[in-house]
Structures are given as C-alpha cells and as structure tokens.
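Engineer: Here is a sequence together with a model predicted from it:
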Amino acid sequence: MLQVAFIREHKDTVINRLKKRNIDASQMIEDVITLDEERRQLQTQLDNTLAESNSISKEIGLLYKSGKAAEANVLKEKTTQLKEDSKSLNEQLNAKTDALNHLLYQIPNVPHDSVPTGNSDEDNEEIYTEGDIPKLHDNALPHWELAKKYDIIDFELGTKITGAGFPVYKGKGARLQRALIAYFLDKNTAAGYTEYQLPLLVNEASGFGTGQLPDKEGQMYHVGEDNLYLIPTAEVPGTNLFRDELVSENDLPIAITGYTPCFRREAGSYGAHVRGLNRLHQFDKVEILRVEHPDRSYEALNEMVDHVKTILKELKLPYRILRLCGGDLGFTSVLTYDFEVFSTAQDRWLEISSVSNFETFQANRLKLRFKNQDGKTQLCHTLNGSSLALPRVLAGILENYQTEDGIKIPEVLIPYTGFDKI
RNA sequence: GGAGAAAUGGCAGAGUGGUCGAAUGCGGCAGUCUUGAAAACUGUUGAGGGUCACACCUCCGGGGGUUCGAAUCCCUCUUUCUCCGCCA
C-alpha cells in the first residue's frame, strides 16, 4: 500500500498518475489526508492523556515509598478520569486507523511516468520483438490437439480426478516439463539468483503481505480447517520471506529464484481463450524475485527483462515485450513488462512472463526495510518476474516446433530431456 | 495426539510489580594505534508514532485482563524446545 506521507506530499502527482489506470482517485486521496489528520490529532490527545497518567503514577510510587499513603490515595482518584479518557480515545483512534487502512488497501500503486494511459490490453505498448515466426505445414495443429496426438498431456484424465484446468502430463510431456523447470532454474542461478524451495501453502499474514488479502481471497484456494491458502504464485511465499525484516544495506540486492506449482481459482474465466494450456487452475512456474535499494530498482528491472530475453532467445521462440498500460497494470505494480510468445497454430500471442517493479508498495505492507548509510531506516523496493511460466512456453514450443513427423525439441533443452523429438 | 518447559533489542542472554526501552557479551558504526590490516583500547548503536527540533507516546511472541503503575501477576491464542506415541 501507498505511504501516507507520500500521498500527503505528492497529492497531485498521485491523483494524476492514477488517472493512467483510468480511475479518479481525488476523493479517496482527500479522504486519506483527512483521516490521517484526524488520526494524528487523536494520537496526540491520547499521548497527552497517557503522559499525564504516567507522571501521576510515578508520583504515587514516590509517595508510597516515603510513607505518604494518604496523599497517594488522593492522586489515585485523579487517575480514574484519565483512564476513562484514554480508553475512549484509544477506541476512537483504532476506529480511525482502521478506516484509514481500509481506504489505503483500495488504492492501487501509482504508475510509472512511462506507463501509457489505457483501459485494456489493446492500449499496451509493444516495445520489442525478436525471433522469426515459423511457417508451419498445412496440417499444423494447436497444442491441445498435439497433446492428444502424441499422448503427452491428458486434459480429460485431469478432469476426472480433479476438475477442469488440472492437466495430467505423461511420458515425454512430463519429461519436457521437468526439463524446462531444470533449465530455467539453471539459467536463473547462473545469473546470480539463489534457488529456494518454498511452501505451497501460506497463512493469512502472508496473503496480506503481498496484497492478495484482503479483497482478492476469491482468487486463491483456501484450506478452511487450517486457514491456509494455496499459493497463486511463488511471489507470495518468496516475498514474505522478508516480511518484518530490517536488512543491512550491504545485504542488498537480494535475488532469489524458485520453482513452484501455482494454484488459481480463475473464477469466471471460460471460453476459447482458456482452452488447453492457455489458462489452468494448477500450473508450474519458475519465479525470480529481487529486493533492491531504491536507487537501483529500475536498473534491476532492466536486468530482469534482459535475463528473460536471453532465455527466450535460446529457446528460439518468437516473442514480444509490452509495456503494460495503466488499465492492464496489476494493482501493486508501478511498471510491468509482459513477455508474449507467438503461438503460430493459434495465431495469437500468449503471455509467458510478467516482470514488475513494485517500488515500496509491497515493502510498506511487509515492513521490509534497510538501514541506509546515515543510519536511517528506509523501505526497500521489491521486484519480481516469471522466468518462466511453464504451460504457455510449452504450448509455444509444441506449436512452433511441430513438423509433419513429430515435434522437435529446442536444442538447449535436449541435454535436459534426453530426446530430440516427440 | 499426551505431558512438561520456554518466547526479551541484529544475535546470545540477564531482568518476578515503580527510577527498565531494558544489564552484559557478540555483531555493526566511528575514533585511537598502524605504512595498511588484524588485535587491543575508547566512544556509539533497537523499532514505530509525533515535532522545524525537542518534549512526549507506544512496543519485551499476538490478543485480553488485574493494578495508580506490568517485561514481571492472571486468562487466552500462536510458536519453539524436551520426553512419550505415531509416521514418509
């Protein structure tokens, strides 16, 4: 969430930048400022009341010590009113703080200056393309047909044992998945990211820390009995590693990577665009995640983009990079680059990676800070990106690498699969 | 799952009703010494709110209570450790 002090000092910038998301936040921003002022007033009143009551208590202690019990008892009566006052002030303060926070949770992050204004994915800005779109033979198939033809992914079996959106990978399909995971992790660790294996279920505090809670609980699977959530992305456990941490400036940057399955309810998504591997309830993803000094978080963002580029280049998949417009930008993000692979058989672009800088938006909630050279504590910047999401990369490989007599395996993956063709 | 013990600053660890935001050690930072470093010595060093700056307020696992006053007493939750049971 945004910092109140920042809102107070940059009111107009905040309102103007939020217009990029097509929202008029002026009323909310005014309300935040008013609530915060009221909150601080109450805080001061409460502090003064407590200060008075503290000093009387000290006096009482001294009087008892010197045997003046009668005088002490007179003072005791004075504290009764103070106690009532502080109790009521405290209740008011809590109510005010809750109202302020409730409002702050509803305000999305302030988009970067370079983010284009816009409503939908049509307004995203294409900033880079690479790779040739292959010319496929006449009988080229979309990946869900290929999956059936070569018996490598079984969607019906998944539906039987769990439900739609839980595919079963078989034989060379399963092996190709494992190869991709290992390949991605190897690329990420070679680039300096430390590999982590993270819990797949998280508690409420973690969901809250990365912004899935409150409000978006409907998107996560919930284990009611233990009040745990299945992670929708490794971002949740990965970022929460640093919740309530005060790191040293020398510890920065922190760069981690992890493979996890991801679970998303995707309530309300149906239709042709969710066929096959395009949208699933359970899928695999390798994530990269960084905690950065505020001065170099954009440099880090570019490094992450370059890193993903080299992977796609090695896989020889045609892709493009988009700068997301305000309307398509995630709630917590300042600036996001989406990577899309061209699916030749479906004749459409498939999103396979999303690389974002959140600046202090997550760190503020997480209380993830570092001590700067002046000894002051300061919020870190957090960033993350997929490197990469499996199903659509798999779909891209299957569709773009198909030939009349089988699907070729990208060269860099052969050491991992142990075969060069499906 | 049963029984017992514990949770204190970046870490370790003292503190059982008032002058305790908290001894001490380690670590960090600054300095002295040194060609430089190490060692030694000296000083300094928790977080949040608030203020122009002070003052002041809050925080000793979370929440609640007793008391004029709580790190300290009571209730409750969570977590950790030890023993027993179960188990990949």
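Structural biologist: Perfect, thanks for sending it.
Engineer: only C-alpha atoms for contact and neighbour calcs from this point on.
Structural biologist: OK.
Engineer: quick one: pLDDT of the residue in the stretch 101-250 of chain A positioned nearest to RNA strand B?
Structural biologist: Among all residues of the stretch 101-250 of chain A, residue A:246 sits closest to RNA strand B, at 6.4 Å; criterion: CA to the nearest atom of the strand. With respect to pLDDT, residue A:246 scores 81.
Engineer: Contact residues of chain A facing RNA strand B?
Structural biologist: For chain A, the residues found near RNA strand B under the criterion CA under 7 Å from any atom of the strand are A:40, A:43-44, A:46-48, A:50-61, A:64, A:76, A:79-80, A:83, A:246, A:375-378.
Engineer: Could you turn the buried ones of those into a PyMOL selection?
Structural biologist: Per 16 or more other CA atoms under 10 Å, the buried members of these correspond to this PyMOL selection:
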select buried, chain A and resi 43+46+50+53+56+57+60+79+246+377+378
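Engineer: Tell me how far the residue nearest the centre of chain A lies from residue A:190.
Structural biologist: The central residue of chain A, meaning the one whose C-alpha is nearest the mean C-alpha position (CA atoms, centre = their mean), is residue A:235 at 5.2 Å. Counting by CA to CA, to the nearest Å, the separation of residue A:235 from residue A:190 is 20 Å.
Engineer: ok, now residue A:222?
Structural biologist: When CA to CA is the yardstick, residue A:222 and residue A:190 sit 35 Å from each other.
Engineer: same for the helix or strand of chain A with the lowest mean pLDDT, what does it pack against?
Structural biologist: Among the helices and strands of chain A, strand A:246-248 carries the lowest confidence by mean pLDDT, DSSP states H and E, at a mean of 80. For strand A:246-248, the contact count by 3 or more CA pairs under 8 Å, 6 or more residues apart in numbering; DSSP states H and E identifies strand A:369-371 as packing neighbours.
Engineer: could you point out which element follows the helix ranked longest in chain A?
Structural biologist: Of all segments of type helix in chain A, defined using DSSP state H, the longest is helix A:26-65. Toward the C-terminal end, the helix or strand that comes next after helix A:26-65 (DSSP states H and E) is helix A:69-106.
Engineer: And that next one, what's buried?
Structural biologist: In terms of neighbour count (16+ other CA under 10 Å), helix A:69-106 has its buried residues at A:72, A:75, A:79, A:82, A:85-86, A:89-90, A:92-93, A:96-97, A:99-101, A:103-104.
Engineer: what do you get for stretch A:143-162?
Structural biologist: Burial within stretch A:143-162, assessed by neighbour count using 16+ other CA under 10 Å, is assigned to A:143-144, A:146-147, A:152-155, A:158.
Engineer: Just send the residues you listed back as JSON lines, with pLDDT too.
Structural biologist: Putting those into JSON lines (pLDDT from 0 to 100) gives the following:
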{"residue": "A:143", "pLDDT": "92"}
{"residue": "A:144", "pLDDT": "91"}
{"residue": "A:146", "pLDDT": "93"}
{"residue": "A:147", "pLDDT": "93"}
{"residue": "A:152", "pLDDT": "95"}
{"residue": "A:153", "pLDDT": "95"}
{"residue": "A:154", "pLDDT": "94"}
{"residue": "A:155", "pLDDT": "92"}
{"residue": "A:158", "pLDDT": "91"}
